[in-house]
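Asks: I'll drop the sequence and a predicted model, then ask my questions.
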Amino acid sequence: MGEHEFETPKAKYKVDFENHTKKTRVPQGIDSLIFELDTKFLNESGINRTLNEGKPPFRLTTKTRETLNDAKKRNLDIWLPDVSPVNSTKEMIQAMSVLGKIFGLIPFSLYKIISYTLLPHDGKIIKRKPLLSLDGKFERTFPSLLIGGRSAIWALKAENYIADYYHKKNGKKPVLGAVMGAGHADFVDYVKDLSLAKKYVIKNRKKIVRNFANADGAFRLFFDKSSNKWKVEHHEIPIISR
């Protein structure tokens, strides 16, 4: 879809936006990869079972397996900064699937515009109310909280924690790669200006707590050659609780 390179005070970023259906292009020359895994239910035991045993609850697409193999060959850590919808519904999953298929037909040049006009958030260009609601469980927060809100949360975790993690580890400014759905084009603006992300989180704190789990954490995946298995670490990152 398109790779964007930019720099912040803490890190250099190489972000590739995709449509969740075609082969992922993992950026080159990076220290670690921030990845939107193709699942909405994140927990340590579930991730471990899926990666090492091929068992439910998660389904790994061919695209995701290729990304994992690429990371393994390149000795890259993978970070999963996503949240888990607490009130997940069949309708929500169906709506996300439909949106993903629609996005796959849209040229990348239009994604930036779409992320601001159709997927409302508290960015610089425009503010709108959600276009649709699924049921009372999500309190008319879709797609604003489910898409724009997650972008803001990822940005805070990336810049305030993951970047610091690799600066301490390697003693230099890290290069962070990221692969995510093109609907999250506002991630770039949130990372460049964390005040926007903080504003979103503060304004929507109660909704985030009610609807999402793991808002204050991220999973680090790394391949352990001695055991020939993926290892999973959960890192506490205070986003909501701070």
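Replies: Yes, it's here.
Asks: which SSE is residue 235 in?
Replies: strand 229-236 (DSSP states H and E).
Asks: next helix or strand past the least confident helix or strand in the chain by mean pLDDT?
Replies: Using mean pLDDT, DSSP states H and E, helix 111-117 stands out as the lowest-scoring helix or strand of the chain, at a mean of 47. On the C-terminal side of helix 111-117, the nearest following helix or strand under DSSP H and E is helix 150-157.
Asks: by how many degrees do that next one and strand 229-236 diverge?
Replies: Here helix 150-157 points in a direction 90 degrees away from that of strand 229-236 (axes from the mean of the first three to the mean of the last three CA atoms, to 10 degrees).
Asks: ok, and what's touching the helix or strand just after helix 150-157?
Replies: Using DSSP H and E, the helix or strand that directly follows helix 150-157 along the chain is helix 163-170. Contact with helix 163-170 is made by 8, 10-11, 31-32, 173-174, 176, 235, as judged by CB atoms under 8 Å, 6 or more residues apart in numbering. In short, each C-beta sits where N, CA and C put it, glycine included.
Asks: out of those residues, who has the most neighbours?
Replies: Counting neighbours by other CB atoms under 10 Å, residue 176 leads the contacts of helix 163-170 with 26 neighbours.
Asks: pLDDT below threshold where in this structure?
Replies: Scanning the chain for pLDDT under 70 picks out the ranges 1-2, 19-23, 38-42, 54-61, 86-144, 241-242.
Asks: if you set the cut-off to 80 instead, what comes out?
Replies: 1-3, 17-25, 37-64, 84-148, 181-186, 210-212, 240-242 (pLDDT under 80).
Asks: Next one: residue 76 from residue 223, what distance?
Replies: 9 Å (CB to CB, to the nearest Å).
Asks: Equivalent analysis for residue 37, please.
Replies: Counting by CB to CB, the gap from residue 37 to residue 223 is 15 Å.
Asks: Show me what the helix or strand where residue 218 lies is packed up against.
Replies: Residue 218 belongs to strand 217-224 when elements are defined using DSSP H and E. Judged by 3 or more CB pairs under 8 Å, 6 or more residues apart in numbering; DSSP states H and E, strand 217-224 is in contact with helix 44-53, helix 62-73, strand 77-80, strand 229-236.
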